[in-house]
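Engineer: Dropping the sequence and predicted coords here.
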Amino acid sequence: MKEDIEKLIKEALKSLDLKVNDFVVEHPVDLKMGDYSTNVGIKTGKAKEIITHLEAEPPSGVERMELAGPGFINFYLSKEFFTQSLREIIEKRGEFGKNENLKGKRFFIEHTQPNPFKEFHIGHLMNNTIGESISRIIQANGAEIKTASYHGDVGMHVAKALWKGDYALGAKAFEEDQAAKTEIQEINKKIYEKSDSDINMKYEVGKKKSLNEFEKIYRKLGSKFDHSFFESETAEIGKKLVLDNLGTVFEESEGAVVYRGEKVGLHTRVFLNSDKLPTYETKEIGLAKIKRQTFPFDQSLTITGNEQDAFFNVVEVATGEVFPNLKSKLKHLSHGMLRLPTGKMSSRTSDVITAEELIDKIKKKVKGDEAVAIGAIKYMILRQAIGNDIVFDIDKSVSIEGDSGVYLQYAYARTNSLLEKADAQGLTLNTNSQGQTLRHTHEVEKLLYRFPEIVERAGRDYAPHYITTYLTALAGSFNNFYAHEQIIDSSPESPYRLAIVKAFNIVMKNGLTILGIPAPEKM
RNA sequence: GCCGCUGUAGUUCAACGGAUAGAACAGCGCCGUCCUAAGGCGUUAAUGCAGGUUCAAUUCCUGCCAGUGGCACCA
């Protein structure tokens, strides 16, 4: 539809001999201002001429056009258009909303990254929610995707955890107790060398246990990964690459090997420390190589917390110099922190709150329904632009009104029940407007057909919150429709109203699925 | 000190350079108890400060203020 309008405007401009490149056709915020709107009239200063020209041969599906405000041309779509869009939604079902914008493109998406021997905390939960949703959005835009999680399975945090079998205990002792610190450093060395069979065994058992725990949480969250990578495998590969490029990309400084980010407006970072041991930076280069070998991607996305922004800016440029064919194919998306109001909800075992603890806490508020609890949490994370911190208000997250996951799930569940009842009464859908008395076009109808465009935009901007915003508005309109219409009755309009319910049901389900939010059939 | 991010109704968030800055919650005033009242309608209320660019600035540029993150051998 949008393309049709754009095309006709371009033709109109041509025949009027006007030139303008950057006009837009968009959905106005307010439905009163039409279904589509263009600013081409303002850009050219010839709104009247353009509208006159368009009216001579109006775009199909457009009922009328209006000149408004400082020169906007608003397009109002016809009832037939909405009827047709309902039909399309119902025919496409689970496919409605998908597009082929990124067809043929391969995306490698890395997210979550929990470290073995440490807790899967609410930061990982936030990262996973965003990563999973972005993966699904990109997939809905037609790309081929592979997902991976990357684990820090070597390093001081592991030694701290192995010291007395508990990371928090080890981390505390490491700071406060000199003797413990020495012991932990000793353990760290043994882990690297694999020289102590007792430690080797504890390491293997502990790592396996952690990874199993992570798998359980992924299942609970509805997330799965195609690949797992480990720092223990990236370190050596990275180190070799750094040494191979010493003198060209990297240089020695104060005994360490560094990358001079200043030459590209960034800052210096250490890749090999003065003991010539690889740092995290170097491991990322090794990881890039492994990823490339695993799946030759066109675009790699790494989702992390935004405290790592400066780090990734340098590492991405350095990696691009080591692998010129990866230049500009590495991108990282960062999110803020999930914070709980006033630091309440402390955990007994440590100062971080685990994902499980948060899920259980929310579950208690929703009669133990895990799908609802997970939906509540995920929605709170996805409802706002990634990048900013989230203040997680527990009561708000499980609110049945307005801006919450429960609200969306409920609206969806309700339509299932309605459709079931209609089915039991033998009512069928009717998306054919002929012979129907269509008193008015409902607000919910006016929003339904926009879903594919929302998915497309979300894919372009990596912005799940476009979808949550849309679904919330849609559910609001549906509730309004529901409150004012007798949906199931014996009138001739009933089958058509039912078709609206069916289309809403499909769009809501597809939307929640793309967000990674559970859509319970019943509540 | 340098670099990045953030600053919008009482609160939590929106707004691809466009129209009267949009929602939700809270507040106030109504409707409503036959399909899930786990509902509906109305209403009050905001762009940190000062300049600049533009027909048009929350959005872009400059300075200031406030908050936050990062800045050499951690990840």
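Structural biologist: Looks like it came in fine.
Engineer: alpha carbons only for contacts and neighbour counts from here, please
Structural biologist: Will do.
Engineer: Test my guess that A:Lys327 contacts A:Ser300.
Structural biologist: No - A:Lys327 is not in contact with A:Ser300 according to Cα atoms under 8 Å; the separation is 10.7 Å.
Engineer: Between these two, point out the one with more neighbours.
Structural biologist: Under the criterion of other Cα atoms under 10 Å, the comparison of A:Lys327 against A:Ser300 puts A:Ser300 first, with 24 against 15.
Engineer: separation between the residue lying farthest from the centre of chain A and RNA strand B?
Structural biologist: Residue farthest from the centre of chain A, counting by Cα atoms, centre = their mean, is A:Ala179 at 45.5 Å. Between A:Ala179 and RNA strand B the computed distance is 19 Å (Cα to the nearest atom of the strand, to the nearest Å).
Engineer: could you say which helix or strand contains that residue?
Structural biologist: Element membership for A:Ala179 (DSSP states H and E) is helix A:178-193.
Engineer: Show me what that helix is packed up against.
Structural biologist: helix A:156-164, helix A:167-176, helix A:197-221 (3 or more Cα pairs under 8 Å, 6 or more residues apart in numbering; DSSP states H and E).
Engineer: Leaving out the residues flanking it, which one is nearest to A:Lys396?
Structural biologist: Spatially, and ignoring its direct neighbours in sequence, A:Lys396 is nearest to A:Ser404 (7.2 Å; Cα to Cα, 6 or more residues apart in numbering).
Engineer: For that neighbour, grab the count of nearby residues.
Structural biologist: Counted with other Cα under 10 Å, the neighbours of A:Ser404 add up to 22.
Engineer: in the stretch 351-500 of chain A, what spans have low per-residue confidence?
Structural biologist: A:351, A:432-440 (pLDDT under 70).
Engineer: Which pLDDT value belongs to the closest residue to RNA strand B within chain A?
Structural biologist: Closest residue of chain A to RNA strand B, Cα to the nearest atom of the strand: A:Asn273 (2.9 Å). pLDDT for A:Asn273: 90.
Engineer: so who does the closest residue to it other than its chain neighbours touch?
Structural biologist: Spatially, and ignoring its direct neighbours in sequence, A:Asn273 is nearest to A:Ala256 (4.7 Å; Cα to Cα, 6+ apart). A:Ala256 sits next to A:Val270, A:Phe271, A:Leu272, A:Asn273, A:Ser274, A:Asp275, A:Lys276 when contact means Cα atoms under 8 Å, 6 or more residues apart in numbering.
Engineer: Now the phi/psi pair for A:Ala256, please.
Structural biologist: Phi and psi for A:Ala256, reported as degrees, to the nearest 10, are phi -100, psi 170.
Engineer: Can you name the residues bridging to it?
Structural biologist: A:Ser253 (DSSP bridges).
Engineer: Tell me how far stretch A:8-22 lies from the chain's centre.
Structural biologist: 37 Å (Cα atoms, centre = their mean, to the nearest Å).
Engineer: Over to stretch A:367-380?
Structural biologist: Using Cα atoms, centre = their mean, the offset of stretch A:367-380 from its chain centre is 17 Å.
Engineer: got the buried residues for that stretch?
Structural biologist: A:Glu370, A:Ala371, A:Val372, A:Ala373, A:Ile374, A:Gly375, A:Ala376, A:Ile377, A:Lys378, A:Tyr379, A:Met380 (16 or more other Cα atoms under 10 Å).
Engineer: Could you dump those residues into CSV and include distance to RNA strand B?
Structural biologist: CSV is the format used below for the buried residues of stretch A:367-380 (distance: Cα to the nearest atom of the strand, whole Å):
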residue, distance to RNA strand B
A:Glu370, 13
A:Ala371, 12
A:Val372, 9
A:Ala373, 12
A:Ile374, 14
A:Gly375, 13
A:Ala376, 12
A:Ile377, 13
A:Lys378, 13
A:Tyr379, 11
A:Met380, 8
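Engineer: Let's have these in TSV, adding secondary structure and distance to A:Lys105.
Structural biologist: Output for the buried residues of stretch A:367-380, formatted as TSV (DSSP: H, G, I helix; E, B strand; the rest coil; distance: Cα to Cα, whole Å):
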residue	secondary structure	distance to A:Lys105
A:Glu370	helix	35
A:Ala371	helix	33
A:Val372	helix	34
A:Ala373	helix	35
A:Ile374	helix	31
A:Gly375	helix	30
A:Ala376	helix	32
A:Ile377	helix	31
A:Lys378	helix	27
A:Tyr379	helix	28
A:Met380	helix	30
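Engineer: coming back round to it: which one of the contacts of A:Ala256 sits closest to A:Ile500?
Structural biologist: When these are ranked by distance to A:Ile500 (Cα to Cα), A:Phe271 comes first, at 58.6 Å.
Engineer: got a list of what the closest one touches?
Structural biologist: Contacts of A:Phe271 were listed using Cα under 8 Å, 6+ apart, and they are A:Val242, A:Ala256, A:Val257, A:Val258, A:Tyr259, A:Pro278, A:Thr279, A:Tyr280, A:Glu281, A:Thr282.
Engineer: three-state assignment of it?
Structural biologist: strand (DSSP: H, G, I helix; E, B strand; the rest coil).
Engineer: how close does it get to A:Ile285?
Structural biologist: 10 Å (Cα to Cα, to the nearest Å).
Engineer: A:Ile138: what's its closest spatial neighbour, skipping adjacent residues?
Structural biologist: Excluding the flanking residues, the one nearest A:Ile138 by Cα to Cα, 6+ apart is A:Gly459, at 5.5 Å.
Engineer: isn't that neighbour right next to A:Ile137, touching?
Structural biologist: Yes - with contact defined as Cα under 8 Å, A:Gly459 and A:Ile137 form a contacting pair (5.7 Å).
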